[in-house]
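Novice: structure of the sequence below:
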Amino acid sequence: MTVAFFSGKGRRIGVALGAVSAGLLVLSACDKPTPLATVTVGGDTVSTEASCYNDGNALKASDIQDCLNKKAQKTVEVAMDDKVRFGVDPEIADNGWTLFINGQQAEQEPYKKTYRSIPGSAFFSSQTGETVSNKTQISIVETKGKKLTGVWHFELKKTS
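Specialist: Numbers count the residues shown, from 1 in each chain. Okay, here's the model as predicted:
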């Protein structure tokens with residue numbers, strides 16, 4: 001004769017607790033996704049995770065140039081008269097972020113809001129108004145004081 005150690009309800013509770021524990025174990029093994037940066041032009045929106053990110057801590061000085069030189073994985077088509085809208089997660093905005101154009105810092109002071117809009121012509125024209133390129137790599141760089149903490153890349157491709 002066998003004796004049941006647990007009632008049917010006890011077994012169901014045990015199985016449910018085991019499933020929850022296993023799920024939490026699986027989730028704890030996953031990497032936390034980086035915050036997102038987004039570029040919108042007209043009705044086209046692309047988002048990407050960071051190319052370089054260290055959980056909000058400063059990137060190593062030796063890694064920064066390599067991070068800035070990485071090629072963008074996401075491309076958006078932009079006409080000269082389009083508005084290019086940049087958006088970042090609130091945690092990026094809290095620290096501050098700036099734009100780099102083709103690996104060069106384009107702004108002196110970090111921006112502290114989650115959204116901004118810039119004319120498309122600003123990315124394809126020289127200061128004299130001449131068109132300089134049909135493609136431009138834009139990097140959104142999160143800063144914390146004087147330290148860089150994350151880099152997101154997009155390519156803007158000029159349309160006619």
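
Novice: which residues of this protein score low on pLDDT?
Specialist: 1-31, 126-131 (pLDDT under 70).

Novice: check contacts around Phe123.
Specialist: Val78, Val84, Ile101, Thr136, Ile138, Leu156 (Cβ atoms under 8 Å, 6 or more residues apart in numbering). Just so you know, the C-beta spots here come from the backbone N, C-alpha and C atoms, and that holds for glycine as well.

Novice: now it: phi and psi?
Specialist: phi -100, psi -10 (degrees, to the nearest 10).

Novice: show me which pair in the contacts of Phe123 is furthest apart.
Specialist: Using Cβ to Cβ, the pair of these lying farthest apart is Val78 and Ile101, separated by 12.9 Å.

Novice: looking at these two, which is more packed in?
Specialist: Between Val78 and Ile101, counted using other Cβ atoms under 10 Å, the more crowded position is Val78 (26 against 16).

Novice: I figured that one hits Leu156, correct?
Specialist: Yes - Val78 lies in contact with Leu156 (Cβ atoms under 8 Å); the separation is 4.8 Å.

Novice: what residues are shared contacts of the two?
Specialist: Val84, Gly120, Phe123, Phe124.

Novice: tell me which two of the residues you listed sit farthest apart.
Specialist: Going by Cβ to Cβ, the pair spanning the shared contacts of Val78 and Leu156 furthest: Val84 and Phe124, at 10.6 Å.

Novice: tell me, what's touching those two both at once?
Specialist: By Cβ under 8 Å, 6+ apart, the residues touching both Val84 and Phe124 are Val78, Leu156.

Novice: so is Glu107 in a helix, a strand, or just coil?
Specialist: Under DSSP: H, G, I helix; E, B strand; the rest coil, Glu107 falls in the coil class.

Novice: for the closest residue to it other than its chain neighbours, give its distance to Ser51.
Specialist: In space, and not counting its chain neighbours, Glu107 is closest to Thr98: 4.7 Å by Cβ to Cβ, 6 or more residues apart in numbering. Distance of Thr98 to Ser51, computed by Cβ to Cβ, to the nearest Å: 15 Å.

Novice: cool, Ser125 as well?
Specialist: 26 Å.

Novice: good, we can wrap up now.
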